[in-house]
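1. just a sequence and a predicted model for now, questions to come.
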Amino acid sequence: MTQTAPPETRRSRRGRSRRTGAAAGVHLVLAGYTLIALFPVVLVVMNSFKNRRGIFGDPLGLPDARSFSLEGYATVLGEGNFALYYGNSLIVTVASLFLILLLGAMAAHALAEYRFRLNTLLGIYMILGIMVPIRLGTVAILQLMVDLDLVNTLLSLILVYTAQGLPIAVFILSEFMRTLSRDIKDCARVDGLSEYRIFFEVVLPLIRPVLATVAVFSMIPIWNDLWFPLILASSDATKTVTLGVQQFIGQYTVNWSAVLASLSIAILPVLALYAIFSRQLIAGITSGAVKG
Amino acid sequence: MSQLVLRKVRKSFGRIDVIHGVDLEVRDGEFVVFVGPSGCGKSTLLRMIAGLEPISGGEIAIGDEVVNDIAPADRGIAMVFQSYALYPHKDVYGNMAFALRHAGEDKAVIDKRVRHAADILGLEPLLKRKPKELSGGQRQRVAIGRAIVRDPEIFLFDEPLSNLDAALRVQMRVEILRLHKRLKTTMIYVTHDQVEAMTLADRIVVLRDGRIEQVGTPLELYHHPENRFVAGFIGSPRMNFLPAARDGQGHVTAAGSRPLDLPVEPGSDVVELGIRPEHVGLCAAGEGHLTGEVLVAERLGGETFLHVDLGEPEPFVVRADGSVTQQSGESVGLRLRPESLHVFDGEGRAHPHRERHALIA
């Protein structure tokens, strides 16, 4: 953006129209991006309200009197254990998120606050996981879970997702914690707080916006994951939503209305959590820039 | 009775020594200011007294008790930080009550003490506000209030005014002074601003590179600096330094000046002369001790700073009356007052004065 305060009005008018033009351009790009990002979601939700004939006959059309049907939702909610899968997904996601945020914030606090030998090395070791996909270790993880007798339990998923989410959480949180004022922690020390209470009562409230950011970033891959539920917890009692959807995809026929309906329902909790965190999220993203 | 005693206190970060054996005694109720250029270790020393920075050597005692291994909260101190360090998620009342609540103090006692502190500082209307709704001066007042509530034996201030604008700084300075008069508690105050040091302190501790250069009342430091560093650091505009020598009769001359009537020990080392800008009189060119050309005349209204070229690398600054007529390019004569001159030897030590200044007992 150009900041101009020219003496002549003609020049300033031209400057303003150029600014408007630039703003329009930016919004055009943003609108285009939004369209591309939203299109598949809209398509899924739209088609989930159609019958089979409607989906295949006119995939891009809105549901009308002939094609409107709730058969997908009826199948999903009526048949199968969809509520159970849904609950499993929620338990796994919420528990993993809690552990990622708690352990990540504690590790980040230790790395940012205390001077000790090998601090930097330990930090690098902890965030190395960002570069190494956890799926490379699937076989070893499976063996480990078999040995621990944790196969087909939700706990196995929670442990794996916590490990998966920690590196990026430690990375983001420790970077942010380094910018926290040292004075406020020292003040708490003078006030007589223990190191644990400094963490819980002083540091955590200060980093709430960043915690929300990390929560959203960590939540989505966990909720959407198919890989680990399939490998570690594919029993009927421990299936997650993404795995549960697979029951409608047969070898020869696919119940598309049911698949789309269950996907539509699966979007809801992510949306809800995002709505809760979004205000904090914006604050978290901008707080680095306009820290005041 | 001395309230705080430092004995050979040292601090090193790894292999770098920051504080090299500081000895200091602070009396009960005294207002002591640590002053020095940035990086001189004054904040580190304060943090060591607070217990926020471990001590590498020596001893710190508060009220007869060695506190080297005592946690900050149990040392009977309260600290006010430069960045205020208010808890942003608590309102003013919550901030001030926090330490007492944490210590499990009775609710009624907490309330009484918070209201008392708020009353001293005029914070009552703000008690329900959050820190972000306060101005800089108000925030600093809350930070001070939080310290008062703890009823400490020693207040520690770490550059508390340097985030405030100039007008507010003057106002808060007076407020801190009045607070000290009222509470009569020992206060230790760190600043790099020598005006704050001069106006607030009962005694000033001048630090450089982790060593104490001189300890004394503000006027002692001003009139009887023990060395060149203190002489140059205290006073604004700063002291002028001229190379000095002895002529055939043993009289001191500086930068080709006429001989000065200065009694210095015969045979002692005379290398430099220090003259404060306010201790110089103007006269016609050719008269007085020195003559030079005015480079710049800074007119502030009430007073005028003349920068005079004496052929030295630095111009010689004279603080003159606002009504002087000299302009840049003109030649002026300078008359030095012998009783206000400072003579330094090769190591920067000041020669002792013939007599103490009248204001210093």
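-> Received, thanks.
2. please count neighbours and contacts with C-alpha atoms only from this point.
-> Fine.
3. for residue B:173, what are its contacts?
-> Listed by CA atoms under 8 Å, 6 or more residues apart in numbering or on different chains, the contact partners of residue B:173 are B:161, B:196, B:200.
4. what is the burial count for the nearest residue to residue A:277 once chain neighbours are set aside?
-> Distances taken as CA to CA, 6 or more residues apart in numbering or on different chains place residue A:212 nearest to residue A:277, at 5.5 Å, with adjacent residues excluded. Residue A:212 is flanked by 24 other residues according to other CA atoms under 10 Å in any protein chain shown.
5. so residue A:212 is in which element?
-> Following DSSP states H and E, one finds residue A:212 within helix A:208-224.
6. and that helix, which residues are buried?
-> Buried residues in helix A:208-224, counting neighbours by 16 or more other CA atoms under 10 Å in any protein chain shown, are found at A:208-216, A:218-219, A:222-224.
7. and which of those is nearest to chain B?
-> Chain B lies nearest to residue A:208 out of those, by CA to the nearest CA, at 10.7 Å.
8. from chain B, how far off is the closest residue to the closest one other than its chain neighbours?
-> Excluding its sequence neighbours, the residue lying closest to residue A:208 (CA to CA, 6+ apart) is residue A:280, at 7.4 Å. Between residue A:280 and chain B the computed distance is 14 Å (CA to the nearest CA, to the nearest Å).
9. in terms of pLDDT, where does residue A:280 sit?
-> Listed pLDDT for residue A:280 reads 71.
10. centre of the chain to the helix or strand harbouring it, how far?
-> Using DSSP H and E, residue A:280 maps to helix A:256-287. Centroid separation between helix A:256-287 and its chain, computed with CA atoms, centre = their mean, to the nearest Å, is 8 Å.
11. could you identify which of the contacts of residue B:173 has the most neighbours?
-> Among those, residue B:161 has the most neighbours (other CA under 10 Å), with 24 neighbours.
12. how many other residues sit next to the closest residue to that one other than its chain neighbours?
-> With sequence-adjacent residues excluded and distances taken as CA to CA, 6+ apart, residue B:161 is closest to residue B:169, at 5.8 Å. By other CA under 10 Å, 17 other residues sit near residue B:169.
13. and the one helix or strand residue B:169 maps to, how far from the chain's centre?
-> Using DSSP H and E, residue B:169 maps to helix B:166-183. In terms of CA atoms, centre = their mean, the centre of helix B:166-183 is found 15 Å from the chain centre.
14. after it, which helix or strand is next?
-> Once helix B:166-183 ends, the next helix or strand along the chain (criterion: DSSP H and E) is strand B:186-191.
15. just checking, what packs against the next helix or strand after that following strand?
-> Beyond strand B:186-191 in the direction of the C-terminus, DSSP H and E gives the next helix or strand as helix B:194-200. Counting contacts by 3 or more CA pairs under 8 Å, 6 or more residues apart in numbering or on different chains; DSSP states H and E, helix B:194-200 packs against strand B:31-35, helix B:166-183, helix B:218-223.
16. strands paired with the next helix or strand after helix B:194-200, and their directions?
-> Once the chain leaves helix B:194-200, the next helix or strand it forms, by DSSP H and E, is strand B:203-208. Partner strands and pairing direction for strand B:203-208 (DSSP bridges) are strand B:31-35 (parallel), strand B:211-216 (antiparallel).
17. tell me the secondary structure for the residue sitting furthest away from the middle of chain B?
-> Most distant from the centre of chain B: residue B:248, at 40.6 Å, with distances by CA atoms, centre = their mean. Put simply, residue B:248 is coil when judged by DSSP: H, G, I helix; E, B strand; the rest coil.
18. phi, psi for it please.
-> In terms of degrees, to the nearest 10, the main-chain angles of residue B:248 are phi -60, psi -40.
19. residue A:56 versus that one, what's the distance?
-> Here the criterion is CA to CA, to the nearest Å. By it, residue B:248 lies 115 Å from residue A:56.
20. what residues does the helix or strand where residue A:231 lies touch?
-> Using DSSP H and E, residue A:231 falls within helix A:227-232. For helix A:227-232, the external contacting residues (CA under 8 Å, 6+ apart) are A:142, A:145, A:151, A:152, A:153, A:156, A:157, A:239, A:240, A:243.
21. try 7 Å this time
-> A:142, A:151, A:152, A:156, A:157, A:239, A:240, A:243 (CA atoms under 7 Å, 6 or more residues apart in numbering or on different chains).
22. contact partners for residue 49?
-> No chain was given, so I picked chain A. Shown in contact with residue A:49 (CA under 7 Å, 6+ apart): A:63, A:68, A:69, A:70.
23. actually, chain B is the one I wanted.
-> By CA under 7 Å, 6+ apart, the residues touching residue B:49 are residue B:60.
24. tell me the pLDDT of it.
-> Looking at residue B:49, its pLDDT reads 94.
25. is it in a helix, a strand, or coil?
-> Per three-state DSSP, residue B:49 ends up helix.
26. what is the mean pLDDT for the longest helix anywhere in chain A?
-> Longest helix in chain A, counting residues (DSSP state H): helix A:9-48. Helix A:9-48 carries an average pLDDT of 82.
27. list the buried residues for the following helix or strand past it?
-> Note on helix A:9-48: by DSSP H and E, the next helix or strand toward the C-terminus is helix A:52-57. Using 16+ other CA under 10 Å as the test for burial, helix A:52-57 gives A:52, A:54, A:55.
28. dihedrals phi and psi, the residue of the stretch 1-150 of chain A found nearest chain B?
-> Nearest residue of the stretch 1-150 of chain A to chain B: residue A:115, at 10.9 Å (CA to the nearest CA). Geometry field for residue A:115 lists phi and psi as phi -90, psi 120, criterion degrees, to the nearest 10.
29. quick one: it from residue B:13, how far?
-> Here residue A:115 is placed at a distance of 11 Å from residue B:13 (CA to CA).
30. do residue A:271 as well
-> 50 Å.
31. report all helices and strands that the lowest-mean-pLDDT helix or strand in chain A contacts.
-> None of the helices or strands of chain A scores lower by mean pLDDT, DSSP states H and E than helix A:256-287, at a mean of 77. Helix A:256-287 sits against helix A:9-48, helix A:71-78, helix A:208-224, with contacts defined as 3 or more CA pairs under 7 Å, 6 or more residues apart in numbering or on different chains; DSSP states H and E.
32. and that helix with helix A:9-48, angle?
-> Interaxial angle, helix A:256-287 versus helix A:9-48 (axes from the mean of the first three to the mean of the last three CA atoms, to 10 degrees): 150 degrees.
33. mind listing what's buried in helix A:256-287?
-> Buried, per 16+ other CA under 10 Å, within helix A:256-287: A:256-266, A:270, A:274, A:277-278, A:280-281, A:283-284, A:287.
34. again, but for stretch A:70-88
-> Neighbour-count burial for stretch A:70-88 flags A:71, A:72, A:73, A:75, A:76, A:81, A:82, A:84, A:85, A:86, A:87, A:88 (criterion: 16+ other CA under 10 Å).
35. got JSON lines for those, with pLDDT and distance to chain B too?
-> Shown next, in JSON lines, are the buried residues of stretch A:70-88 (pLDDT from 0 to 100; distance: CA to the nearest CA, whole Å):
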{"residue": "A:71", "pLDDT": "82", "distance to chain B": "50"}
{"residue": "A:72", "pLDDT": "82", "distance to chain B": "48"}
{"residue": "A:73", "pLDDT": "85", "distance to chain B": "45"}
{"residue": "A:75", "pLDDT": "82", "distance to chain B": "49"}
{"residue": "A:76", "pLDDT": "82", "distance to chain B": "45"}
{"residue": "A:81", "pLDDT": "80", "distance to chain B": "44"}
{"residue": "A:82", "pLDDT": "82", "distance to chain B": "42"}
{"residue": "A:84", "pLDDT": "88", "distance to chain B": "39"}
{"residue": "A:85", "pLDDT": "89", "distance to chain B": "39"}
{"residue": "A:86", "pLDDT": "87", "distance to chain B": "36"}
{"residue": "A:87", "pLDDT": "90", "distance to chain B": "34"}
{"residue": "A:88", "pLDDT": "91", "distance to chain B": "35"}
